[in-house]
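**Student:** Quick check, what structure comes out for this input:
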Amino acid sequence: MHPDIRRIAINTGGGDAPGLNAVIRAVVLAAERLGWEVYGIRDSYDGLFEENGVVRLDRRAVRGITHLGGTILGTTNHGNPLRWPVKGPDGAVTYQDRSDEVIEALERLEIDALIAVGGDGSLEIAHTLFQKGLRVVGVPKTIDNDLAATNLTFGFLTAVETATDAIDKLHSTAEAHQRVMCVEVMGRHAGWIAMFSGLAGTADVILIPEIPYRIERVCEKIEARYAEGREFAIVVVAEGAYPVGGEPLFRVEAGGQKRLGGMAQVVAMDITERTGRETRHLVLGHLQRGGGPNAYDRLLALRFGAAAVKLVRDGCFGCMVALDPPDVLAVPLGQAVASTKTVPLDGDIVATARAMGICLGD
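**Tutor:** From the prediction side, this is the model:
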């Protein structure tokens, strides 16, 4: 056991994912068995800069939370201490590096190590803090399943179930009205949710960022279905999908912030224009993040939380827990954030889709 560990902290950053509370519970229970105290930082790193933003976590605090969605600590996509936004008197926004303040705040609280739970952005922050001398262990979290160093991330399979359930329901209404239904699922740079849910939900077309699509191929598939007497179609569109020669679609919101999304509507309009078929679009959005984790994600999250405490105990800092079936092991944080895990075009998931006659837009 690492001799200097008495008190550890945990935070959850980035978008929420089913299973975060299970990680927190596993960390607290595993740490208490070692005689450590655990503290939770609210809203990623924001709690370090706020009054009462760091809370004591004990067995009572985490009782009955394994099955709950969300995170009892809160999370944010905006609390990046490496690039902290500061609004000036004229309204202009500048950015400050507050990473040294993070380390100083943890030292004041006598925190001996941090377990950082998050996706690629949150783990990049954790890696930078480790390089500055902070004892950090990472836990991978993203429903997109796009972290290259781990076979799976918790929350992914629950999101797939949510998307598949929606696709199942769309079949009946699409068939009743002889419509084409385009459903948009999450997946900025990787089409894992689209591929898994599209296959499980027997979609006719699946469009992913890894394969720029040709709308004429999509329309050919739809028209072929109608010619066979199947007068409806289901199209699954990853939010990061884009046409050949095009680029991912971003919407500009109030304040000038850009958000990815809206491609399902574009695809639906193009299908209607080219085929004359009545087409509707649906964006699942944050439904995929919501709800409690399924049994597999609960188990994976608990395994990750317990393994993170073990890494702290063994002094294995600057690492992230990762699933390498059947084991959970440690990988360097630098390796974990070095690349994005995209759907392999020569892999069995794509081969299965093609063998099933699903159009991938190419």
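
**Student:** For the stretch 51-200 of the chain, give me the ranges with low pLDDT.
**Tutor:** Residues of the stretch 51-200 of the chain meeting the criterion pLDDT under 70: none.

**Student:** Okay, strands next: where are they in it?
**Tutor:** 54-57, 84-87, 93-96, 113-118, 136-140, 180-185 (DSSP state E, counting those that start in this stretch).

**Student:** ok, residues contacting the first one?
**Tutor:** Which is strand 54-57. Residues outside strand 54-57 that contact it (Cβ atoms under 8 Å, 6 or more residues apart in numbering): 9-10, 24, 28, 37-42, 47-48, 61, 73, 109. Where you see a C-beta, it was placed from the backbone N, CA and C, and this is true even at glycine.

**Student:** And residue 11, its phi and psi?
**Tutor:** For residue 11, the backbone dihedrals (degrees, to the nearest 10) come out as phi -140, psi 160.

**Student:** so what's it bridging to?
**Tutor:** Beta-bridge partners for residue 11, by DSSP bridges, are residue 41, residue 116.

**Student:** List the contacts of it.
**Tutor:** Residues in contact with residue 11 (Cβ under 8 Å, 6+ apart) are 40-42, 44-45, 47, 73, 114-117.

**Student:** any idea how far it lies from residue 116?
**Tutor:** 6 Å (Cβ to Cβ, to the nearest Å).

**Student:** can you check residue 45 too?
**Tutor:** Distance, residue 45 to residue 116, by Cβ to Cβ: 9 Å.

**Student:** what residues are shared contacts of those two?
**Tutor:** Common neighbours of residue 45 and residue 116, using Cβ under 8 Å, 6+ apart, are 11, 13, 125.

**Student:** Would you agree the last one is in contact with residue 80?
**Tutor:** Yes - with the criterion set as Cβ atoms under 8 Å, residue 125 and residue 80 qualify as a contacting pair; they are 6.3 Å apart.

**Student:** if you count what's nearby, which of these two comes out ahead?
**Tutor:** Neighbours were counted for residue 125 and for residue 80 using other Cβ atoms under 10 Å; residue 125 has more, 27 against 21.

**Student:** burial measure for residue 189, as a count.
**Tutor:** By the measure other Cβ under 10 Å, the count of residues near residue 189 is 18.

**Student:** can you give me the strands for the stretch 201-350 of the chain?
**Tutor:** Taking DSSP E, counting those that start in this stretch as the criterion, the stretch 201-350 of the chain carries its strands at 205-207, 233-238, 250-252, 258-260, 279-283, 319-324, 327-332.

**Student:** got CSV for the ones you listed, with mean pLDDT too?
**Tutor:** Output for the strands of the stretch 201-350 of the chain, formatted as CSV (pLDDT from 0 to 100):
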stretch, mean pLDDT
strand 205-207, 98
strand 233-238, 97
strand 250-252, 69
strand 258-260, 73
strand 279-283, 95
strand 319-324, 96
strand 327-332, 95
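
**Student:** Please name whichever of the ones you listed is nearest to residue 350.
**Tutor:** Of all the strands of the stretch 201-350 of the chain, the one in closest proximity to residue 350, counting by Cβ to Cβ, is strand 205-207 (9.5 Å).

**Student:** what about the longest helix in this structure?
**Tutor:** In the chain, taking DSSP state H as the definition, the longest helix is helix 156-177.

**Student:** And the residue nearest the centre of the chain, how far from residue 223?
**Tutor:** Most central in the chain under Cα atoms, centre = their mean is residue 142, positioned 2.4 Å from the mean C-alpha point. For residue 142, the distance to residue 223 (Cβ to Cβ) stands at 37 Å.

**Student:** So the protein: which segments form each domain?
**Tutor:** 7-154+293-336, 159-290 (automatic domain parsing).

**Student:** mind checking which of those domains is nearest residue 352?
**Tutor:** domain 159-290 (6.4 Å).

**Student:** Touching, residue 98 and residue 86? I think so.
**Tutor:** No - using Cβ under 8 Å, residue 98 is not in contact with residue 86, being 9.5 Å away.

**Student:** Which of those two has more residues huddled nearby?
**Tutor:** Shown here are residue 98 and residue 86; by other Cβ under 10 Å, residue 98 has more neighbours (20 against 10).

**Student:** Phi first, then psi, for that one.
**Tutor:** The phi and psi values for residue 98, taken as degrees, to the nearest 10, are phi -110, psi 20.

**Student:** Pull the contacting residues for it.
**Tutor:** 49, 81-82, 84.

**Student:** most surrounded residue in these?
**Tutor:** Most surrounded of the contacts of residue 98: other Cβ under 10 Å gives residue 81, at 22 neighbours.
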